[in-house]
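**Student:** give me the fold of what follows.
(2 chains)
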Amino acid sequence: ELKVEQNPLFLSMQEGKNYTIYCNYSTTSDRLYWYRQDPGKSLESLFVLLSNGAVKQEGRLMASLDTKARLSTLHITAAVHDLSATYFCAGDTSGTYKYIFGTGTRLKVLA
Amino acid sequence: NAGVTQTPKFRILKIGQSMTLQCAQDMNHNYMYWYRQDPGMGLKLIYYSVGAGITDKGEVPNGYNVSRSTTEDFPLRLELAAPSQTSVYFCASSPPGALRDTQYFGPGTRLTVL
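**Tutor:** The predicted structure is shown next:
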């Protein structure tokens, strides 16, 4: 059974700093997803990583996938206040459509 | 396009009552999903559907039922509501084929069972 773990659970960082959120998963999952959720709002899809070595970037966020290490990372470059949100990763045991979410990383960027 | 819509936005139920959470999408997506999100937690999949007439259980299906008679609608039925079902419920959909990995979420329904 697929399990997805994120760390850290909470992250407070200064504007302009860099940081990485880690997402580990327990069994084979060659698809990994990242979502953003603002307080009281719904989820927004950020990245879909479909193969080993996949790297995707959007603005100050970059996501990567290492299926051999069962690890995905979300790297934040030169953080700005607008990035404050909760970030979730999710995995999918291939072909089952049964998405398993991590508990989320609550990010707060301080001015 | 309205995208994924959910009604109601908020609801308070008494223990033992029943209700149906509505979800509709106008993007002609094959795949639809129901999740629940407990406070401070990630989402847990309740049920999903890969097309009209086809549904399957997710991670936490107990206490819920679904149906999918049309491509557009995917209602979630709660029978005999319990306090443990207090949560925010999100419906999502995704297109077929190579794009099916991108899920589009509705705004959510906040349900409290007292």
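**Student:** how about the residues of chain B near chain A?
**Tutor:** B:31, B:33, B:35, B:40-45, B:48, B:50, B:56, B:58-59, B:90, B:92, B:101-108 (Cβ under 8 Å from any Cβ of the partner chain). Quick note: C-beta positions are derived from backbone N, CA and C, even for glycine.
**Student:** how about chain A: which residue is closest to chain B?
**Tutor:** A:F101 (3.5 Å; Cβ to the nearest Cβ).
**Student:** near that residue, how many other residues are there?
**Tutor:** Neighbour count of A:F101, defined by other Cβ atoms under 10 Å in any protein chain shown: 22.
**Student:** for chain A, see how far away the closest residue in space to B:I12 that isn't next to it in sequence is.
**Tutor:** Using Cβ to Cβ, 6 or more residues apart in numbering or on different chains and skipping residues adjacent in sequence, the residue nearest B:I12 is B:T112, 4.8 Å away. Here B:T112 is placed at a distance of 15 Å from chain A (Cβ to the nearest Cβ, to the nearest Å).
**Student:** can you tell me the element B:T112 falls in?
**Tutor:** strand B:109-113 (DSSP states H and E).
**Student:** ok, and what's touching stretch B:53-68?
**Tutor:** A:97-98, A:100, B:32-36, B:44-52, B:69, B:74-80, B:82, B:84-85 (Cβ atoms under 8 Å, 6 or more residues apart in numbering or on different chains).
**Student:** which among the residues you listed count as buried?
**Tutor:** A:97-98, A:100, B:32-36, B:44-49, B:52, B:74-76, B:78, B:85 (16 or more other Cβ atoms under 10 Å in any protein chain shown).
**Student:** return the subset of those lying in strands.
**Tutor:** A:100, B:32-36, B:44-49, B:76, B:78 (DSSP state E).
**Student:** would you reformat these as JSON lines and include pLDDT and distance to B:G16?
**Tutor:** What follows is those, written out as JSON lines (pLDDT from 0 to 100; distance: Cβ to Cβ, whole Å):
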{"residue": "A:I100", "pLDDT": "90", "distance to B:G16": "31"}
{"residue": "B:M32", "pLDDT": "96", "distance to B:G16": "28"}
{"residue": "B:Y33", "pLDDT": "96", "distance to B:G16": "27"}
{"residue": "B:W34", "pLDDT": "98", "distance to B:G16": "21"}
{"residue": "B:Y35", "pLDDT": "97", "distance to B:G16": "24"}
{"residue": "B:R36", "pLDDT": "97", "distance to B:G16": "19"}
{"residue": "B:K44", "pLDDT": "95", "distance to B:G16": "23"}
{"residue": "B:L45", "pLDDT": "95", "distance to B:G16": "25"}
{"residue": "B:I46", "pLDDT": "97", "distance to B:G16": "20"}
{"residue": "B:Y47", "pLDDT": "96", "distance to B:G16": "22"}
{"residue": "B:Y48", "pLDDT": "95", "distance to B:G16": "27"}
{"residue": "B:S49", "pLDDT": "95", "distance to B:G16": "27"}
{"residue": "B:L76", "pLDDT": "98", "distance to B:G16": "18"}
{"residue": "B:L78", "pLDDT": "96", "distance to B:G16": "11"}
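**Student:** ok, now which ones touch the residue of chain A closest to chain B?
**Tutor:** A:4, A:88-90, B:35, B:42-44 are the contacts of A:F101 under Cβ under 8 Å, 6+ apart.
**Student:** pLDDT score for it?
**Tutor:** The model reports A:F101 with a pLDDT of 93.
**Student:** what of the one 5 residues further on?
**Tutor:** Reported pLDDT at A:R106 in the predicted model: 96.
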